[in-house]
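# Build me a structure from this.
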Amino acid sequence: MARVPEELIDQIRQSVDIVDIVSDHVVLTRKGKSFLGICPFHDDSSPSMNVSQEKQIFKCFSCGAGGNSFTFLRDIENISFIEAVRKLAERAGINLPDTRDRNPEQQEAYDELYRANELAFKYFHHMLTEDARGEEARAYLENRGISREIIDSFGIGYALNAWDGFLAAATRRGFSPQALERAGLATTRQNGGGFYDRFRHRVTFPIEASTGRTVAFGARALDPDEQAKYLNSPETPVYNKSATLYGLWRGRDAIRESGQALVVEGYMDLISLAQFGVENVVASSGTALTADHARLLRRYAPKATLIFDGDAAGTSAAVRGIGSLFEVGQEARVVALPAQHDPDSYVREHGPEGFQKLIDSAMSAPDFLVEQIAKREDLSTADGKARATHELAELISRIGDQALRQFLIKDLAEKMGLSEDSFIQVIQNDTRRPPQRRTQDPTEPAPPPFDPRPRDERELIILMMQSNEAADAVLQHIPSADFSNGTYRQIVDIIAQNRKQNHAVDVAYLIDQTNSQQLSRIISDMSLELGIADPDQEIFPLPDYIRKFQIRSLDKKIDEVEKQLRNQMPPEQQRQMLEKHRELTSQKRELINPVSQVISS
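Numbers count the residues shown, from 1 in each chain. Modelled structure (predicted):
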């Protein structure tokens, strides 16, 4: 990939939110102005990682990991910094000078899909809000109590009652009918005689990806005789139904703030709730809530409340949704709406306060499951209880989160009148765990334990590149031999040689001193990270980094001495090794508690 200009990197940084990036991998909980989560870079038992939305940085106060969106993605996915830049650029919809994964033709095809959907979004919205032909759709929404503010906020639109309304407009702007078909906006005639609009005489709801870009549409028929009341875009290269939730991009902040996501079935359910100020809502768009949907929700809140009609279809959808939420370790609650009500009608009749009371009274998932099973099975009989136990065991077997699994086993066993051991035995004997997304091949060697030193070494070199003073301070306290990574040792040696000759620390000059393409690439990579650093947001204080580095270096030396002491050796050699161990331990103690030196002096 060509070197990315610093102004483009800055544009990417400003276009993404580190809370969204970290939430892809860690469940975050708001605390004051920041967010807390379990650090993924060490064996963290309590939330040690702080993510600042205001400063757009993260910091673990346990292991010391920290940085910005680029460095978090680089470390969590074990990719290069440039690759992290590329991924975030794609997420933000920003074109880089070069893209590795796709050739120019493939990239253009993807971009064309996004452009087609963006054009459709603007076209449909214009037809609803500005064109006389949108009068019927405007009247429908007005009758439903939907304001112009909500229409504009969600980009609601109208597809004309014509076979080629959008098709004609799009082709005039240079899109081929084939491209519109690939984008899910046009359909081939059955006789093969051309194309026509997929959406006709319908209110349209743009569906947005996690980046906020329109990737698909849902549409509600205005004709009461239309057989298909709702019509959705088909899956395309930019739209995956099982991994996209309507309203998530717009509602993500409200979901974080409230600590829970409300899951409804339809677009209008969500729109009506938004009209009444209920914003922490997503819609499954008429499809079953999948495990991928649940993973999306879990990024933003630890709890999800399913709101479904109280009929058989709604109950079945709720049970499936609970299974998906349990599979990813998400706490689930359920609201079964009263007969003849959906979220839209309920909030209109009872207002937002009444709707909130309904949410507050939601049933826990275990209570709901047992209640539904009790409607089908006679739990007073052995056969009925056995069938119910097997059904619950199958659901429990899908849960990967051990804490949630143990809690539910205890709760459901108690509700079913079983001992925990008996219930566990049923689960083990009667069900099989589903395959994981990726299982370790037994023939593969186990991955090595996580070693934080290479990451620390990299950050230390980046600090050395900031100024001559920083480089001199590191070189004064840390010899290059203490760097465990051979490549990083070479870079430190080059910097040391330059400083010895009184050359300023200059990236271009450092690259000139290397005779290795790999070294040049790594130094360039580091310089990009240096280029995006904000001097007012010092994530890695130099003295702290030097001290932490020295402590880890001493730990390694202490481990080596202790390993040798386990072996048989002459008494004199053992005495020398013990003395060395004492010296190293003393040095470490002084570094850990430097204040004690001041107090004792």
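
# what's the nearest residue to M363 once chain neighbours are set aside sitting at in phi/psi?
If the residues on either side of it in the chain are set aside, M363 comes closest to V334, at 5.1 Å by C-beta to C-beta, 6 or more residues apart in numbering. In this view, the C-beta of every residue, glycine as well, is placed from N, C-alpha and C. When read as degrees, to the nearest 10, the backbone of V334 gives phi -140, psi 140.

# contacting residues for V334?
Counting by C-beta atoms under 8 Å, 6 or more residues apart in numbering, V334 touches 305-306, 308, 318, 322, 362-363, 365, 368.

# Check the gap between it and P40 for me.
31 Å (C-beta to C-beta, to the nearest Å).

# Give me the phi and psi for L337.
phi -70, psi 150.

# low pLDDT regions in the stretch 351-500 of the chain?
Applying pLDDT under 70 to the stretch 351-500 of the chain flags residues 400-402, 430-454.

# Helices along that one, start to end?
365-376, 382-396, 402-416, 420-430, 453-464, 468-477, 486-500 (DSSP state H, counting those that start in this stretch).

# winner for burial among these?
Among the helices of the stretch 351-500 of the chain, helix 453-464 has the highest mean neighbour count (mean count of other C-beta atoms under 10 Å), at a mean of 21.

# residues making contact with that one?
Residues from elsewhere that reach helix 453-464 (C-beta under 8 Å, 6+ apart): 41, 64-65, 67, 75, 470-471, 474-475, 478, 483-485, 488, 491-492, 495, 505, 526, 529-530, 533, 540, 542, 545-546, 548-549, 552.

# Could you do stretch 302-316 as well?
Against stretch 302-316 from outside (C-beta under 8 Å, 6+ apart): 27, 29, 259-265, 269, 289, 294, 297, 317-318, 321-322, 325, 330-339, 341-343, 359, 362, 372.

# in that stretch, what counts as buried?
Buried residues in stretch 302-316, counting neighbours by 16 or more other C-beta atoms under 10 Å, are found at 303-309, 314-315.

# Which pair of these spans the longest distance?
K303 and D309 (21.3 Å; C-beta to C-beta).

# out of the contacts of V334, which one sits closest to S422?
Among the contacts of V334, and counting by C-beta to C-beta, the member closest to S422 is A365, at 21.2 Å.

# sorry, back to before: show me the contacts of stretch 302-316 that map onto helices.
269, 294, 297, 317-318, 321-322, 325, 343, 359, 372 (DSSP state H).

# and which of those is nearest A159?
Using C-beta to C-beta, these come closest to A159 at D269, 20.6 Å.

# Need the per-residue pLDDT for the residue nearest to that closest one when sequence neighbours are not counted.
With sequence-adjacent residues excluded and distances taken as C-beta to C-beta, 6+ apart, D269 is closest to P343, at 4.2 Å. Looking at P343, its pLDDT stands at 90.

# Provide a list of residues in contact with the nearest residue to V328 once chain neighbours are set aside.
Nearest non-adjacent residue to V328, counting by C-beta to C-beta, 6+ apart: A294, 4.5 Å away. Shown in contact with A294 (C-beta under 8 Å, 6+ apart): 304, 324-325, 327-328, 330.

# Check the gap between A294 and P352 for me.
26 Å.

# what's the lowest-pLDDT member of the contacts of A294?
Ranked by pLDDT, the contacts of A294 bottom out at V328, which scores 80.

# so it touches R299, yeah?
No - using C-beta atoms under 8 Å, V328 makes no contact with R299, being 10.1 Å away.

# quick revisit: need the buried residues of stretch 302-316 in JSON lines with distance to I427, can you?
Formatted as JSON lines, those follow (distance: C-beta to C-beta, whole Å):
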{"residue": "K303", "distance to I427": "24"}
{"residue": "A304", "distance to I427": "23"}
{"residue": "T305", "distance to I427": "26"}
{"residue": "L306", "distance to I427": "24"}
{"residue": "I307", "distance to I427": "29"}
{"residue": "F308", "distance to I427": "27"}
{"residue": "D309", "distance to I427": "31"}
{"residue": "G314", "distance to I427": "28"}
{"residue": "T315", "distance to I427": "24"}
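
# quick one: contacts for W163?
196-197, 200.

# Switch those over to JSON lines; also include distance to D164.
Output for those, formatted as JSON lines (distance: C-beta to C-beta, whole Å):
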{"residue": "Y196", "distance to D164": "6"}
{"residue": "D197", "distance to D164": "6"}
{"residue": "R200", "distance to D164": "9"}
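
# Can you tell me which of those residues has the most neighbours?
D197 (23 neighbours; other C-beta atoms under 10 Å).

# Kindly provide the distance from that residue to E590.
75 Å.

# pretty sure S48 is touching F58, no?
No - judged on C-beta under 8 Å, S48 makes no contact with F58 at a distance of 11.0 Å.

# who's more crowded, these two?
Each of S48 and F58 has its neighbours counted (other C-beta under 10 Å); F58 has more, 27 against 18.

# List the contacts of that one.
Taking C-beta under 8 Å, 6+ apart as the test, what F58 contacts is 18, 22, 49-52, 65-68, 72.

# ok, now Q260?
280, 301-305, 333.

# Strands - which of these land there?
Using DSSP state E, the members of the contacts of Q260 that fall in strands are 303-305, 333.

# May I see these organised as TSV, with distance to R376 added?
Below are those laid out as TSV (distance: C-beta to C-beta, whole Å):
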residue	distance to R376
K303	27
A304	25
T305	24
R333	21
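
# I'm done for today, thanks for sticking with me.
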